[in-house]
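K.L.:
sequence isn't available, so here's the structure alone:
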């Protein structure tokens, strides 16, 4: 066998023709509302203001019903028909869950909407006893979960997909054209218009189309269909588009007897962490994003992810982070009847830079702080652990940027903030509101004076001391002139409370009513001093 044939791509196509009705029947069965096996059931969807059959079970198909048939005609043929409404979103979610479960066979899984999947099994079929054993294992497992499935393996995704619409099986490398030669042209999935055109031209099977010259097919039906036909015949290569990027490193553990106890789960993660870190260490890498996936025997997959601020190079740190994450789950990890496989992957890695750590106390401090942030983020979420970075702008609400602490810790530690003048009161409040709150000002000194009193949150405040105004013009080159000039005042009321308020707009200069006449600007409180 040549090297080119050894490296030939192998694609497994899955097609679940009854996915909508299978999903509903699985739900009814889990709720104890199983159907009568002799009762026909269909799923209907609205098409051109009419209800038509979207999916049907085996009983309904044997009665002569078909997809696309109007519901009225179906009821006339079968009065005791059980009808369910289509839920495209729920069907897509179910297909995504099945794709997650298929990750146990290969990490390269792509969606073939609306009811199909592609699995790139190149180089991994031998792990499951060969292509035939892999295909049989997958089909039987999905059948036990309640899904009707058709599966096929070929050298291209188009050929494998074409096979699943007609039969199941495995096509040897180079045998794609012969395998689909007698299939109808509709099996290519080229669309109703092209399929009708082929039939009118007397080309009823894929073999009939393949017997014509490529230039003739391209001139009549377009280059896209010509490429589709070539891929179906095994010519060229059409790689699939995996739904998830391939992790940098993957380690996994399969179990002959499923595990369900917290102790076994923790021990398995710890051993996988040792193996993963050892693999990365050989390449001088450290993990920044880690994911643990737990595959249940009933097809449910649960994935848990942790991120780190610095590359992790110790398995004890990985073990601790996942323990924190598992302990903090709002929805605890439910093993059901047990997990038969656990996978640990590093989806983001970085080269580890060696640093002098023996004599530099700051390096140890930084490491401890980064480790603390990672542990807190694993427990409460990375978006809740933040740092603040200064921004080069004079607009108060934009002067500080809130960023995730795990990814911006170094920048926060090196940030330079404006120095406060000694023996001077603070120019900015300790508490700045995310959004300025409106206040009612009955009258104020014009054109740019402060108010004598104001009402905020239904409480009246009498002004006794004022500092200002501090005029802040908006960034006209970014705001297109839509933002008004602000005059800020530091206000103290009779109760000793200190506010930072501003007038939004200049008198007789920026604020106008609907008739174009000058109007009174609005006032806001933007923060509170200590």
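P.N.:
Looks like it arrived, so ask away. None of these values were measured; they are calculated from a predicted model. Residues are numbered from 1 along each chain as shown.

K.L.:
contacts, neighbours, all on C-alpha from now
P.N.:
Fine.

K.L.:
tell me where the model's unsure across the stretch 351-500 of the chain.
P.N.:
Residues of the stretch 351-500 of the chain that meet the criterion pLDDT under 70 lie in 354-366, 478-482.

K.L.:
can you show me the strands along it?
P.N.:
With DSSP state E, counting those that start in this stretch as the criterion, the stretch 351-500 of the chain has strands at 386-390, 400-404, 431-439, 453-456, 459-472, 486-493, 498-504.

K.L.:
of those, which approaches residue 348 most closely?
P.N.:
strand 400-404 (16.9 Å; CA to CA).

K.L.:
now for the closest one, which elements pack on it?
P.N.:
strand 386-390 (3 or more CA pairs under 8 Å, 6 or more residues apart in numbering; DSSP states H and E).

K.L.:
got the buried residues for the strand it packs on?
P.N.:
386-389 (16 or more other CA atoms under 10 Å).

K.L.:
and stretch 93-107, by the same measure?
P.N.:
Residues of stretch 93-107 classed as buried: 94-96, 98-107 (neighbour count, 16+ other CA under 10 Å).

K.L.:
other SSEs contacting the helix or strand encompassing residue 225?
P.N.:
Using DSSP states H and E, residue 225 maps to helix 223-232. Using 3+ CA pairs under 8 Å, 6+ apart, the elements in contact with helix 223-232 are helix 157-164, helix 214-221.

K.L.:
rewinding a little: now, which of the buried residues of stretch 93-107 lie within helices?
P.N.:
94-96, 98-102 (DSSP state H).

K.L.:
show me which of the residues you listed is closest to residue 525.
P.N.:
Nearest to residue 525 among these is residue 96, at 48.6 Å by CA to CA.

K.L.:
quick check: chain neighbours aside, which residue is closest to the closest one?
P.N.:
Of all residues not flanking residue 96 in the chain, residue 111 sits nearest, at 7.9 Å (CA to CA, 6 or more residues apart in numbering).

K.L.:
if we can go back for a sec, need the strands of the stretch 351-500 of the chain in JSON lines with distance to residue 242, can you?
P.N.:
What follows is the strands of the stretch 351-500 of the chain, written out as JSON lines (distance: least, CA to CA, whole Å):
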{"stretch": "strand 386-390", "distance to residue 242": "33"}
{"stretch": "strand 400-404", "distance to residue 242": "29"}
{"stretch": "strand 431-439", "distance to residue 242": "41"}
{"stretch": "strand 453-456", "distance to residue 242": "55"}
{"stretch": "strand 459-472", "distance to residue 242": "51"}
{"stretch": "strand 486-493", "distance to residue 242": "52"}
{"stretch": "strand 498-504", "distance to residue 242": "52"}
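
K.L.:
who wins for proximity to residue 328 among the helices and strands packed on helix 223-232?
P.N.:
Nearest to residue 328, of all the helices and strands packed on helix 223-232, is helix 157-164, at 41.7 Å by CA to CA.

K.L.:
so what touches that closest one?
P.N.:
11-15, 118, 150-154, 169, 176, 180, 187-189, 228, 231-234, 238-240 (CA atoms under 8 Å, 6 or more residues apart in numbering).

K.L.:
so which of those residues are in helices?
P.N.:
Using DSSP H, 176, 228, 231-232 are the members of those that sit in helices.

K.L.:
out of those, which are buried?
P.N.:
Using 16+ other CA under 10 Å, the buried ones in the ones in helices among the contacts of helix 157-164 are 176, 228, 231-232.

K.L.:
closest to residue 324 among the residues you listed?
P.N.:
residue 231 (48.7 Å).

K.L.:
what residues are up against that closest one?
P.N.:
156-159, 237-238.

K.L.:
before we move on, what about residue 275?
P.N.:
residue 251.

K.L.:
check which helix or strand it maps to.
P.N.:
Per DSSP H and E: helix 262-282 holds residue 275.

K.L.:
partner strands of the helix or strand just after that helix, parallel or antiparallel?
P.N.:
Toward the C-terminus, helix 262-282 is succeeded by strand 285-296 as the next helix or strand (DSSP H and E). Taking DSSP bridges as the criterion, strand 285-296 forms sheet pairs with strand 301-312 (antiparallel), strand 339-351 (antiparallel).

K.L.:
who touches the first one?
P.N.:
If you take CA under 8 Å, 6+ apart as the criterion, strand 301-312 is touched by 97, 100-101, 285-295, 318, 321-322, 325, 333, 349-352, 370-371, 373-374, 377-378, 382, 405-407, 409.

K.L.:
that one vs helix 262-282, what angle?
P.N.:
If you take axes from the mean of the first three to the mean of the last three CA atoms, to 10 degrees, strand 301-312 sits at 40 degrees to helix 262-282.

K.L.:
ok, then the element right after strand 301-312?
P.N.:
helix 315-327.

K.L.:
any idea how far residue 376 is from the closest residue to residue 190 other than its chain neighbours?
P.N.:
Leaving aside its sequence neighbours, residue 190 sits nearest to residue 225 (CA to CA, 6+ apart; 6.9 Å). Per CA to CA, to the nearest Å, residue 225 is found 54 Å from residue 376.

K.L.:
what of residue 96?
P.N.:
Plainly put, residue 96 is 31 Å away from residue 376 if you go by CA to CA.

K.L.:
could you do residue 238 as well?
P.N.:
44 Å.

K.L.:
secondary structure element holding the nearest residue to residue 340 once chain neighbours are set aside?
P.N.:
In this structure, residue 340 finds its nearest non-sequential neighbour in residue 258, 4.5 Å apart by CA to CA, 6+ apart. Counting by DSSP H and E, the element that carries residue 258 is strand 249-259.

K.L.:
residues touching that strand, excluding its own?
P.N.:
Contact partners of strand 249-259, identified using CA under 8 Å, 6+ apart, comprise 265, 268, 272, 275-276, 279-280, 297, 335, 337-347.

K.L.:
tell me which strands it pairs with, and in which orientation.
P.N.:
Here strand 249-259 has these sheet partners by DSSP bridges: strand 339-351 (antiparallel).

K.L.:
what does the partner strand contact?
P.N.:
With CA under 8 Å, 6+ apart, strand 339-351 has contacts from 104, 246-260, 268-269, 272-273, 276, 284-297, 311.

K.L.:
and residue 282, how many residues sit next to it?
P.N.:
8 (other CA atoms under 10 Å).

K.L.:
could I get the pLDDT score of it?
P.N.:
With respect to pLDDT, residue 282 scores 91.

K.L.:
begin at 373, not 1, for the rest of this chat.
P.N.:
Done: numbering now begins at 373, and the last item shifts to residue 654.

K.L.:
hang on, the earlier thing: now the ones in helices among the buried residues of stretch 465-479 as TSV including distance to residue 415 and pLDDT?
P.N.:
As requested, those are exported to TSV (distance: CA to CA, whole Å; pLDDT from 0 to 100):
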residue	distance to residue 415	pLDDT
466	16	95
467	17	95
468	20	94
470	20	95
471	23	94
472	25	93
473	25	93
474	26	94
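
K.L.:
first-to-last residue distance for stretch 599-615?
P.N.:
The first residue of stretch 599-615 is 23 Å away from its last residue (CA to CA).

K.L.:
now it: average pLDDT?
P.N.:
87.

K.L.:
likewise for stretch 568-585?
P.N.:
In the prediction, stretch 568-585 has an average pLDDT of 90.

K.L.:
got the buried residues for it?
P.N.:
Buried residues in stretch 568-585 (16+ other CA under 10 Å): 570, 575-582.

K.L.:
show me which of these is closest to residue 844.
P.N.:
residue 570 (70.8 Å).

K.L.:
that closest one touches residue 578, doesn't it?
P.N.:
No: using CA atoms under 8 Å, residue 570 makes no contact with residue 578, being 9.8 Å away.

K.L.:
overlap in contacts of these two?
P.N.:
Counting by CA under 8 Å, 6+ apart, the shared contacts of residue 570 and residue 578 are residue 557.

K.L.:
which other residues reach stretch 819-826?
P.N.:
811-817, 832-836, 838, 841, 859, 861, 878-879.

K.L.:
mind checking how far that stretch is from the chain centre?
P.N.:
Relative to its chain's centre, stretch 819-826 lies at 51 Å (CA atoms, centre = their mean, to the nearest Å).

K.L.:
ditto for stretch 571-579
P.N.:
The answer for stretch 571-579 is 42 Å, by CA atoms, centre = their mean.
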